[in-house]
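*Asks:* have a look at this prediction, sequence included:
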Amino acid sequence: MNKEISSGLPRSMRAARFATTRTWKLRCAKRTLTRKRILSEFGANLDNVVEEVLYVTDMDTAMAGAGPVRKEAYGSDKPEVASTILVTPRLALPTQLIEIKFIAKLR
């Protein structure tokens, strides 16, 4: 049985750490769809989001990949949403690149 060992991390974690900007865009787009679905269950949409916290594993790639997706999702170059982005060495799942916590105000 061959096992690749490099940098002390499993292959899936190394792949997540070095994901491309395209991968980030795809993952962020998927998260946007998920947020829209959740909000719609409460009769809301992204216009109702007042705060978000993004937990990411790679700040530079996240800014390059997630930034454009976020701007498109909110329909603005400067969305009026309080936003914090934090880097973490790892999220709950080894291949997870981003986790988004958001708060929406229902009208």
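*Replies:* That came in fine, so what should we check first?

*Asks:* going forward, measure contacts between C-alpha atoms and count neighbours the same way
*Replies:* Will do.

*Asks:* distance from the chain centre to the longest helix anywhere in the chain, please.
*Replies:* The longest helix of the chain (DSSP state H) is helix 21-40. Here helix 21-40 is found 7 Å from its chain centre; the criterion is Cα atoms, centre = their mean, to the nearest Å.

*Asks:* before we move on, what about stretch 43-53?
*Replies:* Relative to the chain's own centre, stretch 43-53 is displaced by 15 Å; criterion: Cα atoms, centre = their mean.

*Asks:* repeat for stretch 34-45
*Replies:* Worked out by Cα atoms, centre = their mean, stretch 34-45 lies 17 Å from the chain centre.

*Asks:* and for stretch 87-97?
*Replies:* How far stretch 87-97 lies from its chain's middle: 11 Å, per Cα atoms, centre = their mean.

*Asks:* check stretch 64-76 too.
*Replies:* On Cα atoms, centre = their mean, the centre of stretch 64-76 falls 11 Å from the chain's centre.

*Asks:* list the contacts of it.
*Replies:* 21-25, 28-29, 32, 46-47, 77-79 (Cα atoms under 8 Å, 6 or more residues apart in numbering).

*Asks:* can you dump the C-alpha atoms of that stretch in PDB for me?
*Replies:* Extracted C-alpha coordinates of stretch 64-76, given in PDB (Å, rounded to 0.1, in the frame of the first residue of the first chain):
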ATOM      1  CA  ALA A  64      -9.600  36.900  -5.800                       C
ATOM      2  CA  GLY A  65     -12.300  34.200  -6.000                       C
ATOM      3  CA  ALA A  66     -14.900  35.100  -3.500                       C
ATOM      4  CA  GLY A  67     -14.800  38.900  -4.000                       C
ATOM      5  CA  PRO A  68     -16.300  38.900  -7.500                       C
ATOM      6  CA  VAL A  69     -18.900  36.300  -6.600                       C
ATOM      7  CA  ARG A  70     -20.000  38.300  -3.600                       C
ATOM      8  CA  LYS A  71     -20.300  41.500  -5.500                       C
ATOM      9  CA  GLU A  72     -22.400  39.800  -8.200                       C
ATOM     10  CA  ALA A  73     -24.600  38.100  -5.600                       C
ATOM     11  CA  TYR A  74     -25.400  41.400  -3.900                       C
ATOM     12  CA  GLY A  75     -25.500  43.400  -7.100                       C
ATOM     13  CA  SER A  76     -23.000  46.000  -6.000                       C
END
